[in-house]
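Engineer: Structure, please.
(chains A and B)
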Amino acid sequence: MNDYLKKIISDALQKLYPDLELPEIILEKPRIAEHGDMATNVAMTLAKPLRKAPRGIAEELVGALEYDAGQLESVEIAGPGFINFRFAASWLYDALNGALQQGSGFGKSTLLKGKRYQVEFVSANPTGPLTVGHGRNAVLGDTIARLYEWTGAAVEREYYFNNAGRQMRVLGNSVAVRYQQLLGRDMELPEGSYEGEYIVDIARQMTEEHGDAYIDQPDHILFKETAEKVIFADISKTLERMNIRMDTYFNENDLYENGAIDSVLQRLDQKGLTYKQDGALWFKTTLFGKEKDTVLVKSSGEPTYRLPDIAYHAHKLDRGYDVCVDIFGADHIATYPDVLSGLEVLGYDPKRIDVLVYQFVTIVMEGKPFKMSTRKANFVTLDELMDEVGSDVTRFFFLMRSPGTHLEFDIAQAKESGEKNPVFYLQYAYARIRSIMRKVEETLEDAGKADLSLLQHESEVALIKILLDFPEWVVSAAMSKEPHRLINYLNEVAAAFHKFYHDCRIIGEDPGLAVARVTLLKGVAVVMANGLGILGIDAPEKM
RNA sequence: GCGCCCGUAGCUCAACUGGAUAGAGCAACUGCCUUCUAAGCAGUAGGUUACAGGUUCGAGUCCUGUCGGGCGUACCA
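Structural biologist: This is a model prediction of the structure:
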């Protein structure tokens, strides 16, 4: 429809003003129903170049417009010079039929067809269970990956981790101390250790498997390796519970072993972008607008995380993805520009790295902000949260707000919300439809072909129009990396359905109308199921 | 100090990236179930979009400044 409108508008413009360079024709959906189904502001944007009043241009344009009555019912001028289009009913019915034919594919597009996307997310080092603090990252990353799949891309999900750094050494040591304590040694956990109960569990597992074989080897690699293995198993189980499945777990250590780190250092050096000072190796980030240069390799010989970050991203691009998406919390906001600068001087197109920075989640417990720390074991795990409210509510909660805004997560409220939780509003709409369908199957014999033109009620027409918007909202949510847009849209679908349900009956109506309404219901079910599917949320048969 | 993000109804947040009368959900109040799920529908009330300027046909949205909050600003990850 949009293409059709653009075509007739530009045809008319060309006829009226042959010398004019055609402007981009912007179509938008008016907020208010009285303003029609679609509107354009071309008359206003042309006011300046044509040196004419917007309304005058609009009148000329509408006069020259040639359109098919099967597509458009009316074209009107309103306000300061908007041109409002109202779709013909026959077009709506055809479009609804088309949507039903696509079924579970309705909403898919080919926008990114042929593109390979990679989404890297979660990427928490395996030092402890995933907490609600990781939740927003995990759910955003996975849902954005799903959105890209729906827009036609081939998508891979990757988890990046580092098992060689200081964090993991401390982790191994924490396990070793607990291990020795369990075997009767009187000793204290050093300052800065991981204090969580799960460390004790890992240590206990080691006493069961190995007895006291390692009691005099607290630095043995087995402590760290066991911890890593156990914790990673736990993490991936948590992710699976949330409907998240990674394609790849990428270990930073591989970058050292395959020479990617050295290669980056060499290439930066060749470009003259690094220098030594005070025993450290610096990257001249001041050349890219930073206030200070950045250390890549510490005087201890250990690299900072920026160096492997650059190498990692270069490696990802080398693997052939068209676009690599990073899901970062706000604390990374200052670091990724260095990575982009590094990639650019290495000859990569930084546009192939797409970063989503989301604002932090404020955990609220008992009415007060709650500061979490994995190290101090001061946290609520995602598993605990899902035990309370389930994975649907958990996913929904993290998705319902714009990534760019701070999200307040009131644990007590999430636990309590139960029945009045907003996710149930959507699921209830679907369950209601399924319930009607089950009843209708008993009463309505062979439905035959529905005559959709019987759908004349205001609530019916409004519902059809909203359903037809679904594909463009999928695209909008995907391109902006803002899944909450889809949630807002599904809310409108559910609201329109509930209103229809209230206004229009099916059972007991004239069979022709009943069949038409059942067809409409199927359309709603398709959109709700597809939409919830993108969000990774269950569409229940019953509630 | 400097950089990035945020500031919208009592609370939590939308507003499709510059459009027409700023909208939902909680919380408050009023109606609607002998008929397909009341986890619903309809309605009332609630606003100087933090503040002050600017840009233009038009600003919650863009630019400048002020105030308030978050995060950075490490040879920490």
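Engineer: Lowest average confidence across helices and strands of chain A, where is it?
Structural biologist: Lowest mean confidence among the helices and strands of chain A (mean pLDDT, DSSP states H and E): helix A:411-417, at a mean of 69.
Engineer: Give me the pLDDT value at the closest residue to A:Val175 other than its chain neighbours.
Structural biologist: Nearest non-adjacent residue to A:Val175, counting by Cβ to Cβ, 6 or more residues apart in numbering: A:Phe223, 4.4 Å away. Backbone N, C-alpha and C define where each C-beta goes, glycine included. Reading off the confidence values, A:Phe223 has pLDDT 95.
Engineer: Work out for me the element A:Phe223 sits within.
Structural biologist: helix A:221-241 (DSSP states H and E).
Engineer: Show me the contact partners of that helix.
Structural biologist: With contact meaning Cβ atoms under 8 Å, 6 or more residues apart in numbering, helix A:221-241 is reached by A:122, A:124, A:126-130, A:138, A:163, A:168-169, A:171-176, A:179, A:198-199, A:201-202, A:205-206, A:210, A:214, A:245-246, A:249, A:381-383, A:386, A:391.
Engineer: Which PyMOL command selects the buried ones in the residues you listed?
Structural biologist: Restricted to buried positions by 16 or more other Cβ atoms under 10 Å, the PyMOL selection for these reads:
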select buried, chain A and resi 122+124+126+127+128+129+130+138+163+168+171+172+173+174+175+176+179+198+199+202+206+214+246+381+382+383+386+391
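Engineer: Help me confirm that A:Glu408 is found in a strand?
Structural biologist: Yes. Counting by DSSP: H, G, I helix; E, B strand; the rest coil, A:Glu408 is part of a strand.
Engineer: quick revisit: tell me the buried residues in whichever helix or strand comes after the helix holding A:Phe223?
Structural biologist: Later in the chain than helix A:221-241, the nearest helix or strand by DSSP H and E is strand A:248-251. Residues of strand A:248-251 classed as buried: A:Phe250 (neighbour count, 16+ other Cβ under 10 Å).
Engineer: Contacts for the next helix or strand after strand A:248-251, please.
Structural biologist: Downstream of strand A:248-251, the next assigned helix or strand under DSSP H and E is helix A:253-257. The contact list for helix A:253-257, computed with Cβ under 8 Å, 6+ apart, reads A:Asn162, A:Asn163, A:Ala164, A:Ala260, A:Ile261, A:Pro308, A:Ala311, A:Tyr312, A:His315.
Engineer: Could you measure from A:Glu408 over to A:Lys368?
Structural biologist: Plainly put, A:Glu408 is 12 Å away from A:Lys368 if you go by Cβ to Cβ, to the nearest Å.
Engineer: which of the two has more neighbours?
Structural biologist: Between A:Glu408 and A:Lys368, A:Glu408 has the larger neighbour count (other Cβ atoms under 10 Å), namely 12 against 8.
Engineer: nearest spatial neighbour of the residue nearest the centre of chain A, skipping sequence neighbours?
Structural biologist: Nearest residue to the geometric centre of chain A (Cα atoms, centre = their mean): A:Ile144, 3.0 Å. Once flanking residues are discounted, A:Ile144 sits nearest to A:Lys481: 5.3 Å by Cβ to Cβ, 6+ apart.
Engineer: Is it correct that that neighbour is in contact with A:Val357?
Structural biologist: No. Using Cβ atoms under 8 Å, A:Lys481 is not in contact with A:Val357, being 10.1 Å away.
Engineer: what do the two both touch?
Structural biologist: A:Pro403.
Engineer: So for those two, which residue has more residues nearby?
Structural biologist: A:Lys481 (22 against 15).
Engineer: Run through the residues that contact the more buried one.
Structural biologist: With contact taken as Cβ under 8 Å, 6+ apart, A:Lys481 is in contact with A:Leu140, A:Ile144, A:Leu147, A:Val325, A:Asp354, A:Leu356, A:Pro403.
Engineer: swap in A:Thr274?
Structural biologist: Shown in contact with A:Thr274 (Cβ under 8 Å, 6+ apart): A:Leu265, A:Leu268, A:Leu281, A:Trp282, A:Phe283, A:Lys284, A:Leu296.
Engineer: Dump the C-alpha coordinates for the host helix or strand of the third one into CSV.
Structural biologist: The secondary structure element spanning A:Leu281 is strand A:280-283 (assigned by DSSP H and E). What follows is strand A:280-283 as a C-alpha-only set of coordinates in CSV (Å, rounded to 0.1, in the frame of the first residue of the first chain):
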residue,chain,number,x,y,z
ALA,A,280,53.6,0.1,28.9
LEU,A,281,52.4,0.1,25.3
TRP,A,282,50.1,3.0,24.5
PHE,A,283,47.6,3.5,21.7
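Engineer: Check which strands are paired with that strand and give the direction for each one.
Structural biologist: strand A:274-277 (antiparallel), strand A:294-297 (antiparallel) (DSSP bridges).
Engineer: if you compare these, which one is most tucked away?
Structural biologist: With neighbours defined as mean count of other Cβ atoms under 10 Å, these peak in mean count at strand A:294-297, which reaches a mean of 20.
Engineer: Give me the contacts around the next helix or strand after it.
Structural biologist: For strand A:294-297, the following helix or strand on the C-terminal side (DSSP H and E) is helix A:306-318. Contacts to helix A:306-318, defined as Cβ under 8 Å, 6+ apart, come from residues A:118, A:120, A:158, A:160, A:162, A:250, A:252, A:255-256, A:260-261, A:263-265, A:283, A:294-297, A:324, A:335, A:338-339, A:342-343, A:346, A:348, A:352-353.
Engineer: So which of the residues you listed reach RNA strand B?
Structural biologist: Among these, the residues that sit close to RNA strand B (Cβ under 7 Å from any atom of the strand) are A:Asn162, A:Val295, A:Thr335.
Engineer: As a markdown table, the residues you listed with distance to A:Ile77 and pLDDT would be great.
Structural biologist: Listed next are these as a markdown table, based on distance: Cβ to Cβ, whole Å; pLDDT from 0 to 100:
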| residue | distance to A:Ile77 | pLDDT |
| --- | --- | --- |
| A:Asn162 | 62 | 87 |
| A:Val295 | 63 | 91 |
| A:Thr335 | 52 | 83 |
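Engineer: need the residues you listed in JSON lines with distance to A:Leu46, can you?
Structural biologist: Shown next, in JSON lines, are those (distance: Cβ to Cβ, whole Å):
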{"residue": "A:Asn162", "distance to A:Leu46": "56"}
{"residue": "A:Val295", "distance to A:Leu46": "55"}
{"residue": "A:Thr335", "distance to A:Leu46": "45"}
